[in-house]
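Asks: how would this look folded up:
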Amino acid sequence: LCSVPLQVLLYANGLYFIFYFLATLTMIVYKSQVFSYPEEFLAPDLTLLLVMAVLEALRLHLGSEGNLTEEEAPLGLSLAVTVGSVILSVYFLVWQTYVLKADVILNAVLLLTYGLVSVLKVMAIAAFIR
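Replies: You can find the predicted model right below:
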C-alpha cells in the first residue's frame, strides 16, 4: 500500500531543500554585504532558516517512515509539520528584509512541492485507513 510516487517526491524534495537551504543562505550573506541589511534582522532570518531546516528534516523523516511502514500517525504528523514549513517558506517569500527574484522562484517551487507532497500524503493516509 505504500505510495511510490510519494516516496520519490519526498526524496526529490529532500534534494531540492538542500539546494534551497544553500541558495537561501548564500543570498542572505549576499544581501547582508551588498545592501544595507539591518543587523537586527540578520540573526532572525538566519535562525528561521535553521528552524526551517530542522522542520524539513523532521517532515521528510516522518513522511518517509509513515509511507514505508504504512502508518497514518507519522504521515499525519508530517502533514502537520508541513504547515510550519509552509509558513516559513511564505516568510522567506514575502516578509524577509529583502526579497530578490531568486527568492520568489525558490520559494514558489518549494511551495509547489509542499502542495504536491501534501496531496499524496492525504491520499496515502486514505489508502492506509481502508
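
Asks: hey, let's count contacts and neighbours off CA atoms from now on
Replies: Noted.

Asks: show me where pLDDT drops low in this structure?
Replies: Residue ranges of the chain with pLDDT under 70: none are present.

Asks: rerun at 80
Replies: For the chain, applying pLDDT under 80 flags the ranges 1, 130.

Asks: any chance you could map the helices in it?
Replies: Secondary structure of the chain (DSSP state H): helices located at 4-34, 39-69, 72-90, 101-129.

Asks: Settle this for me: Tyr37 is touching Val99, isn't it.
Replies: No: here Tyr37 does not reach Val99: they are 11.6 Å apart, not a contact under C-alpha atoms under 8 Å.

Asks: which neighbours do these two share?
Replies: Applying C-alpha atoms under 8 Å, 6 or more residues apart in numbering, one finds that no residue jointly contacts Tyr37 and Val99.

Asks: what sits against Leu110?
Replies: The neighbours of Leu110, taking C-alpha under 8 Å, 6+ apart as the test, are 16-17, 89.

Asks: let's go with 10 Å and repeat that
Replies: Contact analysis of Leu110 by C-alpha atoms under 10 Å, 6 or more residues apart in numbering lists 13, 16-17, 20, 85-86, 89-90, 104, 116.

Asks: circling back: most packed of the helices of the chain?
Replies: Highest mean neighbour count of those: helix 72-90, a mean of 19 (counted as mean count of other C-alpha atoms under 10 Å).

Asks: Specify the angle between that one and helix 39-69 in degrees.
Replies: 150 degrees (axes from the mean of the first three to the mean of the last three C-alpha atoms, to 10 degrees).

Asks: Can you give the distance from helix 72-90 to the centre of its chain?
Replies: Helix 72-90 has its C-alpha centroid displaced from the chain centroid by 9 Å (C-alpha atoms, centre = their mean, to the nearest Å).

Asks: Same check on stretch 120-130?
Replies: That offset, for stretch 120-130, works out to 21 Å (C-alpha atoms, centre = their mean).

Asks: Could you list the residues in contact with it?
Replies: Here stretch 120-130 has contacts from 1-7, 9, 63, 66-67, 69-76, 78-79, 114-115, 117-118, using C-alpha under 10 Å, 6+ apart.

Asks: Let's see that with 7 Å instead.
Replies: 1, 3, 6, 70-72, 75 (C-alpha atoms under 7 Å, 6 or more residues apart in numbering).
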